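Trainee: pasting the sequence and the predicted coordinates here, then a few questions.
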Amino acid sequence: MTLFDLEELMAYWVEHPPVHILVGAYLGVGKHQRRRIPSAGSGPGAAASSDLQGILAELGPGFGTGDVHAGLPGVVLDFAELKSRAKSRD
């Protein structure tokens, strides 16, 4: 099954849910099983992780918290300027 097939199936299920899901929702089946367990850092007053730098370092060099635009040229929004730059490269 491709992602396109899955998307089509999900779109169909949004319009026409399976009967066993409808009956289960009507009868309240599984309500006691869906209790959310809060994660350790999601409670009220929980501080942000102080080891963020360590976590990002484990992910690799592309996940630093520095300026993501460092070393890139400035953005040019003038179409005439862009056109002249493109002609000068040819």
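Mentor: Structure's in. What do you need? Residues are numbered from 1 along each chain as shown.
Trainee: so which strand or helix has residue 23?
Mentor: Residue 23 is part of helix 19-27, with elements assigned from DSSP states H and E.
Trainee: need the residue closest to the centroid of this structure.
Mentor: What sits nearest the mean C-alpha location of the chain, by CA atoms, centre = their mean, is residue 63, with 15.4 Å.
Trainee: OK, contacts around it?
Mentor: 56, 57 (CB atoms under 8 Å, 6 or more residues apart in numbering). Any C-beta I mention is one placed from the backbone N, CA and C, and that applies to glycine too.
Trainee: go ahead and measure how far the helix or strand harbouring residue 82 is from the middle of the chain.
Mentor: Under the criterion of DSSP H and E, residue 82 resides in helix 79-89. Centre-to-centre, helix 79-89 and its host chain are 36 Å apart (CA atoms, centre = their mean, to the nearest Å).
Trainee: kindly report the same for stretch 66-76.
Mentor: Worked out by CA atoms, centre = their mean, stretch 66-76 lies 23 Å from the chain centre.
Trainee: repeat for stretch 68-86
Mentor: Worked out by CA atoms, centre = their mean, stretch 68-86 lies 28 Å from the chain centre.
Trainee: now it - C-alpha only, PDB.
Mentor: Taking Å, rounded to 0.1, in the frame of the first residue of the first chain, the C-alpha atoms of stretch 68-86 are listed here in PDB:
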ATOM      1  CA  VAL A  68      20.500  28.900  10.600                       C
ATOM      2  CA  HIS A  69      21.000  31.700   8.100                       C
ATOM      3  CA  ALA A  70      24.700  32.200   8.800                       C
ATOM      4  CA  GLY A  71      26.800  32.200   5.700                       C
ATOM      5  CA  LEU A  72      23.900  32.600   3.300                       C
ATOM      6  CA  PRO A  73      23.600  35.700   1.000                       C
ATOM      7  CA  GLY A  74      20.800  38.200   1.600                       C
ATOM      8  CA  VAL A  75      17.400  37.700   0.100                       C
ATOM      9  CA  VAL A  76      16.700  39.700  -3.100                       C
ATOM     10  CA  LEU A  77      13.000  40.400  -3.700                       C
ATOM     11  CA  ASP A  78      13.500  42.700  -6.600                       C
ATOM     12  CA  PHE A  79      12.600  40.800  -9.800                       C
ATOM     13  CA  ALA A  80      14.500  43.200 -12.000                       C
ATOM     14  CA  GLU A  81      17.700  42.600  -9.900                       C
ATOM     15  CA  LEU A  82      17.200  38.900 -10.100                       C
ATOM     16  CA  LYS A  83      16.800  39.000 -13.800                       C
ATOM     17  CA  SER A  84      19.900  41.100 -14.300                       C
ATOM     18  CA  ARG A  85      21.900  38.700 -12.100                       C
ATOM     19  CA  ALA A  86      20.600  35.700 -14.100                       C
END
